[in-house]
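A.B. asks: Turn this into a model:
(2 chains)
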Amino acid sequence: MSIIQRAAWVSAVGISIVVGASSVHAGEVRLGGAGATFPAPLYTKWVAEYEKVEPGVKIDYRSIGSGGGVKAITDKTVAFGASDAPLTKKEIEALGGEDKIVQFPAVIGGVVPAYNVPGLSQPLNFSGDVLADIFMGKISSWDDPRLQELNSGVNLPKLAITPAFRTDGSGTTHVFTSYLATQSPSFKGEVGAGKQVKWPLGQGGKGNEGVAAVIQQTAGSIGYIEQNYAVANKIAYGAVRNKAGKFILATPETMSIAGEGAAATLKGTVLRADIWDQPGDKTYPISAFTYIILHKDLSNLKTDAEAKALVGFLTWATGSGQKFATDMDYAPLSSGVKIAVDNALATLTHNGKPLK
Amino acid sequence: MTTDVSAISAAALSPNASSGDARSQHRSFRLGDALLGLVCRGSAAIIALMLGALVLVLLTSAMPAIKQFGLGFLVSSEWRVNELERPVKDAAGHVVMEEGEVVMETIKPAFGALPVIYGTAVSSLIALVVAVPLSLGAALFLVRVAPTLRLAGPLSFLIEFLAAIPSLAYGIWGLFVLAPFLQSRVGPAIQATLENVPGLRWLFYETVTIAGKAVERPIPITGRDMLCGSLVLAIMILPIVTSVSRDVLKAVPRTQIEGTLALGATWWQSCVAMLRYGRSGLFGAVMLGLARAAGETMAITMVIGNNNQINPSPFAPAQTMASLLANEFAEASEGLHQASLLYVALVLLVMSLLFNIIARRLVVGRASPAGH
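C.D. replies: Below you'll find the predicted structure:
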């Protein structure tokens, strides 16, 4: 059922591009993108705002999931693909190797421990090892001494903890489990990290909304969701202890700082950096980039005008477009990261000709 | 129905029926007949082809998983998509070191369908246990009581209306009404009554393996669990079981009922005789309900808790084959994960086919002779 749905989406995107190219009005360019669902609200906002800047450029972004985005760009059915996880070695090979691809971070997101504990007036404090032990069932009640130690002065209730997790493969799970694996050797060995893992206990939900439903309905539950989803739906979430030992709440600023810490490591055209557990006093520790993927030679686009329009849009999105990120509770790219992105974008060509 | 159509077609096709005058007319009809025949045969063939193609596609795309796991897939309970990397431990449980470094092992992803087969079987069975007595009662009422009260029409309409409600609506109702009710009222009430009854501890406590040690912990009652899933399923299969049972009971010859009454049976005894006469047809109705319960997807995904585990307690979250597919398929990476999900789909398809075949044999095999 879903394979058909996915195929239909991908082919619909493909068709829309073919149709778009053939029915271009004078001076109008149509481009298609597909992939990750997490940044989709922001990408849609960018598209709408960019039309005010460049009325001739129409972009259509379909949130079909990160896996679908990678497949669509590999099959050249879209102008750009989007993925929460950076390309794997295998995916890079399928795309023709490192020197045929441009991958860069578009914006930063954070994963927060969101919970439903009645009678609390302030955000709870967590640490990586305590979160790992909660999700493994080692800490099973909210009044556990280890939680109490992190939250001195808070009257924690004697209430069973119900962990809530994502049942679908997702970048959110990838970021959360990768972070916990760095914090707890036993979590790494028994649960491990990945887009989808086998949780030893708890309730599953599909998508951020599925996990949010479990949290909102179940007293004593704790789950992991995207920070902006938690804010938009007014779900309480806690601060997490960072590498410097400070308890930090996820905000656009604290997540953005995590990205800046990795700016120095972003080199070449395939940019990637794991930005969880970064050093710094104000760094939120469960942050991650979400990526856009392009063919380095944009021969998947028909005309020079299309290629130039795409580069124009992406340069704007990672530059002035970042101010919309903060409004929507994503974290903007810092200046160091933006320089690396611009350098990568400068290498793009169309049928061998440079675009800048 | 069947007899009517065959009678008409027999009359139309019989060459002896046409007189000399009508013969030329008959001939001119032949082209149309041939075309209609072709279209009908073609349509019938397409249905068979579609089913064949479905099985074939599922088989070929599930092949990597079938080759890798074989039938062991059906009895293995590990479902882990990610690879694990952990230190090798020796027999004494110590970490193995070599040249000052910890030796690591990589554990490949594993896929086994037992938890979802268990979840499907148990949730469907509980649903049947709840729904079948209600359905039979409703069907008996519709056949024996309702006509005298002029209620048969409106009630039948209501039941068919229930069947037409999209499963998503049942799911949302289950999630926002039934689950909170089970969590705040029913669950705690059952727990307070039964918790200290010896031998029933498994209802409220689970044993979790934490860091190699078995630890007993209370199951948090969340309302989204096997019980809630089964109850929503029960409500969803009520209409189909009721309407098929009603048709089966309607097909019981009047002579049978009058016979029992003539022998002095009470109303109750004559109803029992009616149920007994239609028993294989009724069993077929139950099998149809079972097929629907086993294949139900959206509603159950919303209320069953979605945890791939085998836990005997109805208060623990579970997972069915259909909900597993709904949860994981869209984002499943190609390769073994996707193939394993398709293997599950294949098992579900074969199971549903079996239920349907059994049901058809029982319903058609019994009900139609009574109709003659």
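A.B. asks: can you give me the strands for chain B?
C.D. replies: Here chain B has its strands, by DSSP state E, at B:84-87, B:97-98, B:101-102, B:104-107, B:205-210, B:213-218.
A.B. asks: Of those, which is nearest chain A?
C.D. replies: Chain A lies closest, by Cβ to the nearest Cβ, to one member of the strands of chain B: strand B:84-87, at 3.3 Å. In this view, the C-beta of every residue, glycine as well, is placed from N, C-alpha and C.
A.B. asks: in its sheet, what does that closest one sit against?
C.D. replies: Strand B:84-87 has the following sheet partners, assigned by DSSP bridges: strand B:104-107 (antiparallel).
A.B. asks: what about the partner strand, distance to the chain center?
C.D. replies: 39 Å (Cα atoms, centre = their mean, to the nearest Å).
A.B. asks: Contacts for it next, please.
C.D. replies: Contacts to strand B:104-107, defined as Cβ atoms under 8 Å, 6 or more residues apart in numbering or on different chains, come from residues B:83-88.
A.B. asks: just stretch B:174-190 next, same as before
C.D. replies: A:213, A:217-218, B:203, B:221-225, B:227-229, B:231-232, B:299, B:302-303, B:315.
A.B. asks: Mean confidence (pLDDT) on that stretch, please.
C.D. replies: Stretch B:174-190 shows a mean pLDDT of 92.
A.B. asks: CA atoms of that stretch as PDB?
C.D. replies: Output in PDB follows, covering the C-alpha atoms of stretch B:174-190 (Å, rounded to 0.1, in the frame of the first residue of the first chain):
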ATOM      1  CA  GLY B 174     -11.000   4.600  20.400                       C
ATOM      2  CA  LEU B 175      -8.100   7.000  21.000                       C
ATOM      3  CA  PHE B 176     -10.000  10.000  22.500                       C
ATOM      4  CA  VAL B 177     -13.000   8.300  24.200                       C
ATOM      5  CA  LEU B 178     -12.400   4.600  24.900                       C
ATOM      6  CA  ALA B 179      -8.700   4.700  25.800                       C
ATOM      7  CA  PRO B 180      -9.000   7.500  28.400                       C
ATOM      8  CA  PHE B 181     -12.000   5.700  29.800                       C
ATOM      9  CA  LEU B 182     -10.200   2.400  30.100                       C
ATOM     10  CA  GLN B 183      -7.200   4.200  31.600                       C
ATOM     11  CA  SER B 184      -9.000   6.200  34.200                       C
ATOM     12  CA  ARG B 185     -11.900   3.900  35.100                       C
ATOM     13  CA  VAL B 186     -11.900   0.300  33.800                       C
ATOM     14  CA  GLY B 187      -8.200  -0.400  34.200                       C
ATOM     15  CA  PRO B 188      -7.800   0.800  37.800                       C
ATOM     16  CA  ALA B 189     -11.100  -0.900  38.800                       C
ATOM     17  CA  ILE B 190     -10.000  -4.200  37.400                       C
END
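A.B. asks: What residues of stretch A:70-85 count as buried?
C.D. replies: A:70-74, A:77-85 (16 or more other Cβ atoms under 10 Å in any protein chain shown).
A.B. asks: and which of these is nearest A:L147?
C.D. replies: A:D84 (29.5 Å; Cβ to Cβ).
A.B. asks: Quick check, that closest one in contact with A:F176.
C.D. replies: No - A:D84 sits out of contact with A:F176 when judged by Cβ atoms under 8 Å, with a separation of 11.7 Å.
A.B. asks: and the strands of chain B as TSV, adding mean neighbour count and mean pLDDT?
C.D. replies: Below are the strands of chain B laid out as TSV (neighbours: other Cβ atoms under 10 Å in any protein chain shown; pLDDT from 0 to 100):
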stretch	mean neighbour count	mean pLDDT
strand B:84-87	16	85
strand B:97-98	10	81
strand B:101-102	10	81
strand B:104-107	11	88
strand B:205-210	16	80
strand B:213-218	11	82
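A.B. asks: mind listing what B:T297 touches?
C.D. replies: By Cβ under 8 Å, 6+ apart, the neighbours of B:T297 are B:167, B:322-323, B:325-326.
A.B. asks: scratch that, A:I292 is what I was asking about
C.D. replies: A:33, A:80-82, A:103-104, A:106, A:314.
A.B. asks: what do you get if the cut-off is 7 Å, keeping everything else the same?
C.D. replies: A:80, A:82, A:104, A:106, A:314 (Cβ atoms under 7 Å, 6 or more residues apart in numbering or on different chains).
A.B. asks: secondary structure element for the last one?
C.D. replies: In this assignment (DSSP states H and E), A:L314 forms part of helix A:304-318.
A.B. asks: moving C-terminal of that helix, what's the next helix or strand?
C.D. replies: Heading C-terminal from helix A:304-318 (DSSP H and E), you reach helix A:322-327.
A.B. asks: which strands and helices sit next to the very next helix or strand once past that following helix?
C.D. replies: Using DSSP H and E, the next helix or strand after helix A:322-327 towards the C-terminus is helix A:335-345. Secondary-structure packing of helix A:335-345 (3 or more Cβ pairs under 7 Å, 6 or more residues apart in numbering or on different chains; DSSP states H and E): strand A:101-115, helix A:252-261, helix A:304-318.
A.B. asks: Now with 6 Å, please.
C.D. replies: strand A:101-115 (3 or more Cβ pairs under 6 Å, 6 or more residues apart in numbering or on different chains; DSSP states H and E).
A.B. asks: Can you tell me what sits against the helix holding A:L314?
C.D. replies: A:29, A:31, A:46, A:50, A:57, A:79, A:298, A:301, A:333, A:341, A:345, A:348, A:350, A:355 (Cβ atoms under 6 Å, 6 or more residues apart in numbering or on different chains).
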